[in-house]
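Asker: just a sequence and a predicted model for now, questions to come.
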Amino acid sequence: MTATGVPEAGGPAFRPDRVYLGWQHALPGPLPGPPPPRPPAVVADQISPAWLAAQRREEDRLARPRKVAAAWCVGLGCVVSAGWLAGLLNAGLAVLGGGACAAGATASLAAIWRGERQLRARVAAEDQRVAQFRAADQRQQAQRQAEHARQLRAWRQRSAAFARQPQWYPVWLPGGIDRVDVAGGTLAGWSALLTSVAAPRLAAGDEVTVLDLTEGGVAGDLLSVARAGGIDPLVWVLPADLPRLDLGAELAPDALADVLALAVSASSSGDDPGDPAGDAVLLSRVLRILPPNPGIGPLLAALRVLAQVGDPRPDVRAGLLTAGQVDQLVGMFGREQRAGIERAWTMEARLRDLAPLGCAPGRLAPSRLRLAWLDRRASAVGNKMLATYLAVALTHVLRQAPPGRPWQQTIFVLGAERLRPEVLDRLTDACETCRAGLVLAYRSIPDRVAERLGRGHAAVAFMRLGNARDAKAAAEQIGTEHRFVMSQFTQTVGTSLTATTGDSYTSTVGTADSATDSASLTDTAGTSAGRGHSRASSFAPFGAGTTSASRDRNASQARSASVSITEGINSSTAWGESTSRALEVLESLAGASQRSREFLVEQHELQQLPHSAVLLTYAGPGGRRVVLADANPAIIRLPTATLAGPDEPPGPPA
């Protein structure tokens with residue numbers, strides 16, 4: 001693909017059955033992520049100085065008694081030697097004492113030496129153990145570094161593969177759509193969209209016609225792309241290039257009369273378009289008086305004769321009319337037809353800006369790109385008439401063209417809000433009949449435009465809409481969707497106080513009588529007899545035995561009687577008052593969810609879209625589709641852009 005957006009020779013080509021609108025960014029897979037971190041540096045293990053100091057302190061503590069003992073032995077040996085030398089001790093005692101002191105000192109010094117040797121052995125063992133740990137850490141560090149190098153190579157391979165994969169995919173219209181209504185946008189955004197749509201059509205060998213009614217020269221980038229691709233476009237900057245414009249200049253008298261009558265009617269600024277049928281008949285009769293293909297100049301001169309404007313002799317001397325034609329025109333309505341005079345006057349005033357149309361000799365070479373735009377330096381009334389005439393004449397040409405392949409011929413009308421609704425309807429019907437693709441771009445969305453957006457087999461593309469009213473209309477056009485939200489929230493707090501008061505009085509009087517009569521008689525009689533015999537034992541005091549016998553009789557009788565009478569009267573009275581109160585606090589919280597609708601795209605999002613952003617909405621097989629695309633034509637130069645779809649083999653980069 002060259003810098004102009006035209007495919008290079010041998011490179012991937014645009015498909016003629018697809019209408020490309022822009023590009024959509026999509027990541028082909030997971031991101032490679034950050035590079036793997038380097039393994040941390042390993043600090044070599046060393047013998048702890050604190051451990052060495054602790055071992056030395058412990059050894060000194062253990063050797064301290066031995067050192068003291070050795071010192072005492074040495075001291076006693078010196079005392080013994082001094083005593084022998086002084087003659088206080090004989091030789092035997094001196095030898096015995098000196099030998100004992102020498103033996104004790106030797107034993108203490110040997111114990112001290114063994115402790116030092118054990119300490120050196122422990123230090124050497126610890127050094128060997130630390131060396132083993134250090135070697136293991138070095139082996140693990142080497143393994144971690146090798147693993148990091150392997151992960152880094154894999155990450156670099158993934159990053160390179162990700163960078164080579166396509167990430168920009170084209171967005172094209174689905175089949176069955178023959179019109180695109182563009183709402184909103186800036187001149188820069190329209191220039192990008194026009195280039196993105198028209199350049200692929202030209203590259204596929206199709207024809208493109210652009211009517212730029214914005215007076216802003218939107219198609220400048222498209223002209224650069226076309227010329228760089230070897231296409232010589234036909235460009236008309238109106239009204240300066242009206243003499244070279246051949247659109248409608250070679251029509252038959254009746255067809256030209258119909259086109260001019262519709263242009264006059266559609267260019268009116270009021271609600272009354274006049275009588276297009278009467279105007280067409282009037283123009284047709286005038287054209288029959290004039291020679292074939294007379295041009296707009298002789299026609300305007302004839303209308304001035306009919307309108308009785310000025311003296312016709314200057315037009316006769318200029319060769320626009322002949323004396324015989326003037327007489328025929330005068331005799332056509334006479335001098336008393338006020339209605340014909342007024343219509344002739346109106347048409348002459350409206351068609352005056354078309355006077356130079358097609359008057360330049362020569363025939364232009366055909367081209368697949370035709371562009372007509374309005375110059376902002378011209379008058380506003382004249383540009384309105386020129387815009388209407390271009391649309392009406394193009395509609396007539398399309399009505400006469402045979403049907404072709406869909407979108408084989410693409411028509412762009414930029415600034416279509418300047419045309420009357422009936423002109424747009426006729427142009428839309430003509431494009432649908434001949435199967436030509438139509439792109440209508442509106443800077444604003446008035447009511448007459450809003451009711452035509454998306455009508456028929458059309459897709460709607462929304463670009464930046466700075467006006468709040470237009471953005472709201474666009475959001476409503478895109479539509480809403482359902483979602484479940486909490487729509488009701490109820491909280492009830494209440495307090496109830498209940499008080500009850502009551503009085504009671506009770507009086508009781510009672511009488512009780514009781515009588516008791518009792519009698520008792522008790523008789524008692526008894527007899528008792530006894531006999532005893534005893535023999536003396538050898539242990540008795542006197543050694544003799546005894547014998548005894550006895551008998552008793554007794555009797556008794558008692559009688560008693562009693563009578564008791566009891567009578568009582570009791571009386572009681574009770575009076576009381578009771579009061580009770582109850583306090584109750586009630587609190588309840590309730591929430592309810594119900595189905596609600598929200599905009600698919602909010603109004604403020606449409607107001608802050610980038611210049612080249614296009615929000616495309618259309619009815620697809622699975623329902624309504626909303627796609628966000630970027631119409632920047634320079635995306636095709638990116639190495640990650642492809643002309644294949646997301647579900648198609650990527651092929652070489654575009």
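Answerer: Okay, I see it. Residues are numbered from 1 along each chain as shown.
Asker: based on its surroundings, how many neighbours for N293?
Answerer: If you count neighbours by other Cβ atoms under 10 Å, N293 ends up with 14. Where you see a C-beta, it was placed from the backbone N, CA and C, and this is true even at glycine.
Asker: cool, the one 3 residues further on as well?
Answerer: Residues lying near I296 (other Cβ under 10 Å) number 22.
Asker: before we move on, what about Q132?
Answerer: Q132 has 11 nearby residues by other Cβ under 10 Å.
Asker: what helices and strands are in contact with the helix or strand encompassing it?
Answerer: Assessed by DSSP states H and E, Q132 sits inside helix 91-164. Judged by 3 or more Cβ pairs under 8 Å, 6 or more residues apart in numbering; DSSP states H and E, the packing partners of helix 91-164 are helix 49-86.
Asker: mind checking how far the helix holding Q132 is from the chain centre?
Answerer: Relative to its chain's centre, helix 91-164 lies at 62 Å (Cα atoms, centre = their mean, to the nearest Å).
Asker: from D315, how far off is the residue lying closest to A91 once chain neighbours are set aside?
Answerer: In this structure, A91 finds its nearest non-sequential neighbour in W84, 6.8 Å apart by Cβ to Cβ, 6 or more residues apart in numbering. From W84 across to D315, the span is 170 Å (Cβ to Cβ, to the nearest Å).
Asker: neighbour count: those two, which is higher?
Answerer: Per other Cβ under 10 Å, whichever of W84 and D315 has more neighbours is D315, with 21 against 18.
Asker: and that one, which helix or strand is it part of?
Answerer: helix 313-317.
Asker: which of the residues in that helix are buried?
Answerer: Residues D315, V316 are the ones in helix 313-317 that count as buried (16 or more other Cβ atoms under 10 Å).
Asker: and stretch 358-377, by the same measure?
Answerer: So stretch 358-377, judged by 16+ other Cβ under 10 Å, has buried residues G358, R368, L369, R370, L371, A372, W373, L374.
Asker: do stretch 49-63 as well
Answerer: Under 16+ other Cβ under 10 Å, the buried positions of stretch 49-63 are Q55, E59, A63.
Asker: list of residues touching stretch 619-637?
Answerer: 1, 3, 5, 21-25, 168, 171, 174, 189, 192-193, 195-197, 199, 221, 225, 478-479, 600-601, 610, 612-618, 641, 654 (Cβ atoms under 8 Å, 6 or more residues apart in numbering).
Asker: confidence score at the residue nearest to A91?
Answerer: Looking at W84, its pLDDT reads 83.
Asker: you'd agree it is up against L96?
Answerer: No: using Cβ atoms under 8 Å, W84 is not in contact with L96; the gap is 10.8 Å.
Asker: closest one to Y389 out of the buried residues of stretch 49-63, please.
Answerer: Of all these, Y389 sits closest to Q55, with 110.2 Å by Cβ to Cβ.
Asker: sorry, back to before: relative to helix 49-86, how tilted is the helix holding Q132?
Answerer: Here helix 91-164 points in a direction 170 degrees away from that of helix 49-86 (axes from the mean of the first three to the mean of the last three Cα atoms, to 10 degrees).
Asker: please name every helix or strand in contact with the next helix-or-strand element following helix 91-164.
Answerer: Helices and strands here follow DSSP H and E; after helix 91-164, the next one along the chain is strand 168-172. When contacts are defined as 3+ Cβ pairs under 8 Å, 6+ apart, strand 168-172 sits against strand 20-25.
Asker: now the strand it packs on: buried residues?
Answerer: Y20, L21, G22, W23, Q24.
Asker: need the contact list for the first one.
Answerer: Residues counted as contacts of Y20 (Cβ under 8 Å, 6+ apart) are F14, P170, V171, W172, S196, V197, P200.
Asker: how much space between it and V197?
Answerer: Taking Cβ to Cβ, one finds Y20 at 7 Å from V197.
Asker: just W168 next, same as before
Answerer: From W168 to V197 the distance is 16 Å (Cβ to Cβ).
Asker: who has more neighbours, these two?
Answerer: V197 (28 against 22).
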